[in-house]
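Novice: Fold the following for me, if possible:
(4 chains)
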Protein chains: 2
Amino acid sequence: MTDGVAERSRPRDRILETAQDMFHKHGIKGVGVDAITEAAGTNKMTLYRHFESKDELIVECLRATAAKASRIWDEVEAKHPGDKLAQLHAWVQKASELLSADSRGCDMANAAVELTETDHPARRVIKELKEAQREKLVALCRDAGIGQAELLADTLSLLLEGARVSMQSVGAEGPSAQFVRMAESLIASFRAR
Amino acid sequence: MTDGVAERSRPRDRILETAQDMFHKHGIKGVGVDAITEAAGTNKMTLYRHFESKDELIVECLRATAAKASRIWDEVEAKHPGDKLAQLHAWVQKASELLSADSRGCDMANAAVELTETDHPARRVIKELKEAQREKLVALCRDAGIGQAELLADTLSLLLEGARVSMQSVGAEGPSAQFVRMAESLIASFRAR
DNA sequence: CTAGGGTGTTACCGGTCTGTAACTTCCAGC
DNA sequence: GCTGGAAGTTACAGACCGGTAACACCCTAG
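Specialist: This next block holds a predicted model:
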């Protein structure tokens, strides 16, 4: 007899997936390992056989979510193969959809807010992954023929980051509701330069 | 004999000030009430005589920091009395200075990230205070003769919010370093419309 | 001098946290 | 069918959490 959906996968995978979800929803410090293992249908000992500490689990979760997020680049590429400018617009569209679908923002940014210890292992990973994302966006802008590609990419980054954190403070009806309009007119003004 | 600087103020004030500082530096969930009272040179009982719970202390801290932040509006007004456009530029300048001076971002946004319970008393306060700040910026843009004042204000808000959270992820040398340039060219393009 | 309120001290409550030890159970591969 | 390793179970350690009770103290207003 096959149990529920996630029940058939291996404990390590269930733990990782459940932890991602719970960290995302309730924050890292708002979730204990007991709650994670229980929700994952396993137990604490099994968690500590696969991850040497909660901190390592956190790092692994961040890597996993970043890997998931990086798939949107493939989607954008697949949607408009070769047409970099169309891909940039698609990126804006996709970002806006993700904004609407979820109001808890970016896991990495949220983790950076929560984990204040400067030597926390997650901080290296966060910086690393965020820089990789930035480089992808810069490349996209450059390949789309934008003159000041770095500046546009950085501005779009800040807008999106701001939208994600603003949603958590004032909700989806606040400034973040105008994200697409802002991003599009920004791209237009950079193209006109 | 007069003791140290803060030692002569009343316990309640010291607790409030110390809590603000520690919440800001280490996050709300990263600081216990014991640590606060010890750093404030008092004890837990005294804290609970003045605040009925840690949650109430959090709310009071947020109100206090918002009150502090609202003083920059007075400074901006005092610097360029009557000249609303100059005040807008001064606001950008001031925001940038605060960015450079501190890398832990906005206490209210950080609190919203940490306090995920939808019915947490702090969430009302955060929304309330953030909306008040937004209205001030909208008014400044409008009075400075900007056509789409709301849109400019919201865009500037997201840029600043994004810069503050980005600093915590990738540091001060990341996209947030370009905040002034972004904000200024944004204002310029809105003025040209 | 005295009364009383604000403050400090100590100890404690029940709960939760990360992490571990020792043991049992299950199940797949041989 | 047996065996070996992965997974589950229970209990626990030690620290910390928010919050409270009881009591001693001090300092100031009358």
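
Novice: The top helix by length along chain A and DNA strand C in contact?
Specialist: In chain A, with assignment by DSSP state H, the single longest helix is helix A:54-79. Yes - against DNA strand C, helix A:54-79 shows contacts by C-beta under 7 Å from any atom of the strand at A:54-55. C-betas here are computed from N, CA, C, even on glycine.

Novice: Contacts for the next helix or strand after that helix, please.
Specialist: The C-terminal neighbour of helix A:54-79 among helices and strands, as given by DSSP states H and E, is helix A:84-101. Applying C-beta atoms under 8 Å, 6 or more residues apart in numbering or on different chains, the contact partners of helix A:84-101 are A:72, A:75-77, A:79-80, A:137, A:140-141, A:143-145, A:156, A:160, A:163-164, A:167, A:172, A:176, A:179-180, A:183-184, A:187.

Novice: Ok, stretch A:133-140 next?
Specialist: Under C-beta under 8 Å, 6+ apart, the answer for stretch A:133-140 is A:66, A:69-70, A:73, A:84, A:87-88, A:91, A:149-150, A:153-154, A:156-157, B:170, B:174-175.

Novice: What residues of it count as buried?
Specialist: For stretch A:133-140, a neighbour-count test (16 or more other C-beta atoms under 10 Å in any protein chain shown) marks A:133-134, A:137-138, A:140 as buried.

Novice: which one of those is nearest B:Ile126?
Specialist: For those, the closest approach to B:Ile126 (C-beta to C-beta) belongs to A:Gln133, at 27.1 Å.

Novice: okay, the closest one: pLDDT?
Specialist: Note on A:Gln133: pLDDT of 97.

Novice: Give me the distance between the residue lying closest to A:Glu117 once chain neighbours are set aside and A:Glu38.
Specialist: Using C-beta to C-beta, 6 or more residues apart in numbering or on different chains and skipping residues adjacent in sequence, the residue nearest A:Glu117 is A:Arg123, 7.8 Å away. A:Arg123 sits 28 Å away from A:Glu38, going by C-beta to C-beta, to the nearest Å.

Novice: neighbour-wise, which of these two wins?
Specialist: Applying other C-beta atoms under 10 Å in any protein chain shown to A:Arg123 and A:Glu38 shows that A:Arg123 carries more neighbours, namely 19 against 13.

Novice: so the more buried one sits right up against A:Ala112, yeah?
Specialist: Yes - under the contact definition of C-beta atoms under 8 Å, A:Arg123 touches A:Ala112, with a separation of 7.0 Å.

Novice: Would whichever strand or helix holds the residue nearest to A:Glu117 count as contacting DNA strand C?
Specialist: Assigned by DSSP H and E, A:Arg123 belongs to helix A:121-143. No - in terms of C-beta under 7 Å from any atom of the strand, no part of helix A:121-143 sits within range of DNA strand C; the closest distance is 11.1 Å.

Novice: is the next helix or strand after that helix up against chain B anywhere?
Specialist: Next along the chain after helix A:121-143, taking DSSP H and E as the criterion, comes helix A:149-170. Yes - applying C-beta under 8 Å from any C-beta of the partner chain, one finds helix A:149-170 touching chain B at A:151, A:153-155, A:157-163, A:165-166, A:168-170.

Novice: Okay, buried residues for stretch A:171-184 please.
Specialist: Buried positions in stretch A:171-184, judged by neighbour count with 16+ other C-beta under 10 Å: A:174-180, A:182-183.

Novice: Pull the residues that contact it.
Specialist: By C-beta under 8 Å, 6+ apart, stretch A:171-184 touches A:89, A:92-93, A:95-96, A:99-100, A:103, A:156, A:159-160, A:162-164, A:166-167, B:127, B:130-131, B:134, B:151, B:153-155, B:157-158.

Novice: and A:Ser100, how many residues sit next to it?
Specialist: A:Ser100: 12 neighbours (other C-beta under 10 Å).

Novice: again with A:Ser166
Specialist: By the other C-beta under 10 Å criterion, the neighbourhood of A:Ser166 contains 29 residues.

Novice: Please list the residues of chain A that sit near DNA strand D.
Specialist: Within chain A, the residues that sit near DNA strand D (C-beta under 7 Å from any atom of the strand) are A:10-12, A:41-46, A:49-50.

Novice: burial of the nearest residue to A:Leu57 once chain neighbours are set aside, as a residue count?
Specialist: Distances taken as C-beta to C-beta, 6+ apart place A:Phe51 nearest to A:Leu57, at 4.3 Å, with adjacent residues excluded. Neighbour count for A:Phe51, taken as other C-beta under 10 Å: 20.

Novice: Could you check whichever strand or helix holds A:Ala35 against DNA strand C for contacts?
Specialist: A:Ala35 is part of helix A:33-39, with elements assigned from DSSP H and E. Yes - against DNA strand C, helix A:33-39 shows contacts by C-beta under 7 Å from any atom of the strand at A:33-35.

Novice: What about those residues, which one has the most neighbours?
Specialist: A:Val33 (16 neighbours).

Novice: quick one: contacts for it?
Specialist: By C-beta under 8 Å, 6+ apart, the neighbours of A:Val33 are A:44, A:47, A:54, A:57.
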